[in-house]
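K.L.:
Below are the sequence and a predicted model for it; my questions follow.
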Amino acid sequence: VQLVESGGGLVQPGGSLRLSCAASGFTFSSSAMSWYRQAPGKEREPLAAISSIGGITNYADSVQGRFTISRDNFKATVYLQMNSLKPEDTAVYYCNYGWRTPLGSWGQGTQVTVSS
């Protein structure tokens, strides 16, 4: 299993970023996918999940209405569109397969820093 996250960076409060996660080594189109984040000194937390064909999504309360998870099964890629970013969204963001329960090994993650 390989998960490669990208798209992070430094953004001002209120800004937007789109994260991508390219997956390989498992049957992507049959797998639910989830995004997680880990802030300094905190445990990794699930943020969003999407069903295998994308018809069902789920979000943590902290990102509901601001973040959108989507996927492209042809590209074996899952995305996280993040809008109205806040300083408390600063963290390393990861993806994994499974519905809000990680089933694979972790990738390197992508750093998101929200600061003015």
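P.N.:
Nice, I can see it.
K.L.:
Next up, phi/psi of Asp89, please.
P.N.:
With angles defined as degrees, to the nearest 10, Asp89 sits at phi -80, psi -10.
K.L.:
in terms of contact, does it touch Ser115 like I think?
P.N.:
No. The pair Asp89 / Ser115 is not scored as a contact, 10.4 Å apart, by Cβ atoms under 8 Å. (Glycine included, C-beta is placed from N, CA and C.)
K.L.:
Looking at the two, which one has more neighbours?
P.N.:
When Asp89 and Ser115 are compared for neighbours, Asp89 comes out ahead with 22 against 10, by other Cβ atoms under 10 Å.
K.L.:
Tell me which residue is most central in this structure.
P.N.:
Nearest to the mean C-alpha position of the chain, by Cα atoms, centre = their mean, lies Trp35 at 3.0 Å.
K.L.:
got the contact list for that one?
P.N.:
Going by Cβ atoms under 8 Å, 6 or more residues apart in numbering, Trp35 touches 19, 21, 46-49, 67, 69, 78, 80, 93-95.
K.L.:
try Gly65
P.N.:
Listed by Cβ under 8 Å, 6+ apart, the contact set of Gly65 reads Tyr59.
K.L.:
Please apply the same query to the one 5 residues further on.
P.N.:
With Cβ under 8 Å, 6+ apart as the criterion, the residues that contact Ser70 are Ile50, Gly54, Val78, Tyr79, Gln81.
K.L.:
Out of those, list just those in strands.
P.N.:
Within these, residues falling in strands by DSSP state E are Ile50, Val78, Tyr79, Gln81.
K.L.:
For these, pick the one with the most neighbours.
P.N.:
Top of the ones in strands among the contacts of Ser70 by neighbour count (other Cβ under 10 Å): Val78, with 30 neighbours.
K.L.:
And that residue, how far from Ser116?
P.N.:
29 Å (Cβ to Cβ, to the nearest Å).
K.L.:
now do Gln81
P.N.:
Taking Cβ to Cβ as the measure, Gln81 falls 21 Å from Ser116.
K.L.:
Could you do Gln108 as well?
P.N.:
The gap separating Gln108 from Ser116 is 27 Å, by Cβ to Cβ.
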